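[1] What would the 3D arrangement of this be:
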Amino acid sequence: MVNKKYLGFYLMMFTIISEIILPFVLGYFYPEFNQMNNLISDFGSSGSPIQNTFKLWEIIDGSLMIVAASAFYFRFKPTSDLLAKLLTLAIVLYAIGDCIITGIVDRVQSSEPTVTGQIHDYASGISLVAILLGIIILIRLYHLEDNQLMTRLFIAILFLANLALILFAAPKLPIIDQLHLSYRGLNQKVVLYLLFSPFFFTSIQSLRNKK
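    Now for the predicted structure:
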């Protein structure tokens, strides 16, 4: 039987795997979806044949991630209670902003700004800041624990994630957009995989070290 103290790490790993396979599973039922160019949020757009499935999937993943957040608090509480609380808050904010709100708010593809579109964009922005701060907090926590391997690994991941973010945001950046970089769908997946990885690795490390 799984110890309740470590259940959150299993839930986090499950949720991350679920988020990774989501576009490929739903893409099978959405022939017009292009994995290289389309954004994952396109599954939730009005007119999408699997809109409701996507929205439910995201709400479930977000809820599981919120439950999983407590495991990270108890894992790092002995190292720094304040940083452990901030890390937990970052995970919860990400889960709400990028998963639950995405599942609740309909995304309307329109050239004109819409209320729901702005809610979706603001929530995504807040969740992105939250998960980046979460990685920075993890780096600090592992540094306090003198775990050089995880510290250096997460610094490298953070650097690569920011580089991938620049490529993903290229169409909206005045100078870089002139390069006409494509494959936003692929870039988005790379960004998400990099951002998820520190929490996945932390879950594995915590489960391996449990007594």
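[2] give me the low-pLDDT residue ranges for the protein?
    Within the chain, the stretches with pLDDT under 70 are 1-4, 107-117, 171-182, 211.
[3] packing partners for the longest helix along the chain?
    Longest helix in the chain, counting residues (DSSP state H): helix 115-144. Here helix 115-144 touches helix 81-94, helix 101-104, helix 148-168, helix 184-208, going by 3 or more C-beta pairs under 8 Å, 6 or more residues apart in numbering; DSSP states H and E. Quick note: C-beta positions are derived from backbone N, CA and C, even for glycine.
[4] Which of those sits closest to F14?
    With C-beta to C-beta, the closest approach to F14 among the helices and strands packed on helix 115-144 belongs to helix 184-208: 9.6 Å.
[5] looking just at contacts, which helices and strands does that closest one meet?
    helix 4-28, helix 51-76, helix 115-144, helix 148-168.
[6] Out of those helices, which one sits most buried?
    Of all the helices and strands packed on helix 184-208, helix 51-76 carries the top mean neighbour count, a mean of 20, counting by mean count of other C-beta atoms under 10 Å.
[7] what angle do that one and helix 115-144 make?
    Angular relation of helix 51-76 and helix 115-144 on a 0 to 180 degree scale: 20 degrees, by axes from the mean of the first three to the mean of the last three C-alpha atoms, to 10 degrees.
[8] Give the other helices and strands that helix 51-76 contacts.
    By 3+ C-beta pairs under 8 Å, 6+ apart, helix 51-76 packs against helix 4-28, helix 81-94, helix 101-104, helix 184-208.
[9] so the last one versus helix 51-76, what angle?
    What that stands for is helix 184-208. Using the same axes, to 10 degrees: helix 184-208 against helix 51-76 is 40 degrees.
[10] what's next to helix 184-208, contact-wise?
    Under the contact criterion C-beta atoms under 8 Å, 6 or more residues apart in numbering, helix 184-208 has outside partners 6, 9-10, 12-13, 16, 19-20, 23, 34-40, 71-72, 75, 91, 131-132, 134-135, 138, 150, 153-154, 157-158, 160-161, 164-165, 167-168, 171, 181.
[11] give me that answer again for 7 Å
    Helix 184-208 is touched from outside by 6, 9, 12-13, 16, 19-20, 23, 34-40, 75, 131, 135, 138, 150, 154, 157, 160-161, 164-165, 167-168, with contacts defined as C-beta atoms under 7 Å, 6 or more residues apart in numbering.
[12] what does the shortest one give?
    The set of residues that contact helix 101-104 without belonging to it, under C-beta under 7 Å, 6+ apart, is 41, 44, 55-56, 58-59, 62, 119-120, 123.
[13] How many residues are close by D42?
    D42: 21 surrounding residues under other C-beta atoms under 10 Å.
[14] Same question for N209.
    Neighbours of N209 under the rule other C-beta under 10 Å: 8.
[15] any idea how far it is from L83?
    Going from N209 to L83 by C-beta to C-beta, to the nearest Å gives 18 Å.
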